[in-house]
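# no sequence on this one, just coordinates:
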Ligand SMILES: [Zn+2]
């Protein structure tokens, strides 16, 4: 009787132990994220190449390079850098076609609304609009970063990018400026417009087209974005 009882007790203990092991194994196999770490957040960046289609933007006097083409080159370079850092990249335009509807009477309005639609759909963590500057005096030079008035995170992002560019790119302006641009005003996300340099300055017109400069510029622009997120 006593022996039978002991055997039954032993069996019960073994069964309970086996059940416990099975439950632990199941939890470990099916809920590994909860047990180990929270998944890494993926940041989404919208890169907006300014102009396009019939709107070529500024034109370089020496080489006749159009701003719309150069904006696209910088956009694609920045896209590559961002993707190497694991960012999800959404572009407003990927070719030389304009974003406006062919039937639109007000093409500028139609184009800006399309950019807004893409930005809103992407629900981005950051928006970067890429442009090239132009000024009547050929002496004007250097990159300039703009943000929308009242967008505090946008200002922080602008300051971070300005700082990174100023440290590493010749003539880049350290102080960010408020800019009244549709692409900045249409979103609550931290958004900046970067004028990469002046096509009206003959030296900068040539420099902006150099592959190595383009890579360096986009890399340091992106470093500014990274440091913005590290202080967030
Ligand atoms: Zn422009």
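Now that the structure is in, tell me what you want to look at. Bear in mind that the values here come from a model prediction, so they are computed numbers and not experimental data. Numbers count the residues shown, from 1 in each chain.

# Check the protein for the residue nearest the ion and tell me.
Nearest to the ion, among the residues of the chain, is residue 131, at 3.6 Å (CB to the ion). Glycine gets a C-beta too; all of them are placed from N, C-alpha and C.

# count of residues packed around the residue nearest to residue 149 when sequence neighbours are not counted?
Distances taken as CB to CB, 6 or more residues apart in numbering put residue 178 closest to residue 149, at 4.6 Å, once the chain neighbours are dropped. Neighbours of residue 178 under the rule other CB atoms under 10 Å: 15.

# just residue 221 next, same as before
Using other CB under 10 Å, the number of residues around residue 221 comes to 28.

# For this structure, just list every one of the helices.
Secondary structure of the chain, counting by DSSP state H: helices at 2-30, 32-35, 67-84, 107-122, 152-168, 182-185, 202-207, 211-231.

# any idea how far residue 192 is from the residue nearest to residue 149?
Shown here: residue 178 relative to residue 192, a distance of 11 Å by CB to CB, to the nearest Å.

# so what sits against both of those two?
Common contacts of residue 178 and residue 192 (CB atoms under 8 Å, 6 or more residues apart in numbering): 146-147.

# which ones are touching residue 100?
In this structure, residue 100 makes contact with 53, 107-108, 110-111, 114, judged by CB under 8 Å, 6+ apart.

# Which one (most neighbours) among those?
Scoring the contacts of residue 100 on neighbours with other CB under 10 Å, the highest-scoring entry is residue 111 at 24 neighbours.

# quick one: contacts for that residue?
Taking CB under 8 Å, 6+ apart as the contact definition, residue 111 lies against 52-53, 55, 98-100.

# switch to 10 Å and redo it
With contact taken as CB atoms under 10 Å, 6 or more residues apart in numbering, residue 111 is in contact with 50-55, 92-93, 98-101, 104, 182.

# Mean pLDDT per helix and strand in the protein: which one sits at the bottom?
helix 32-35 (a mean of 40; mean pLDDT, DSSP states H and E).

# What residues does the protein have near the ion?
If contact is defined as CB under 5 Å from the ion, the residues of the chain in contact with the ion are 50, 57, 131.

# Since that was my last question, I'll sign off now.
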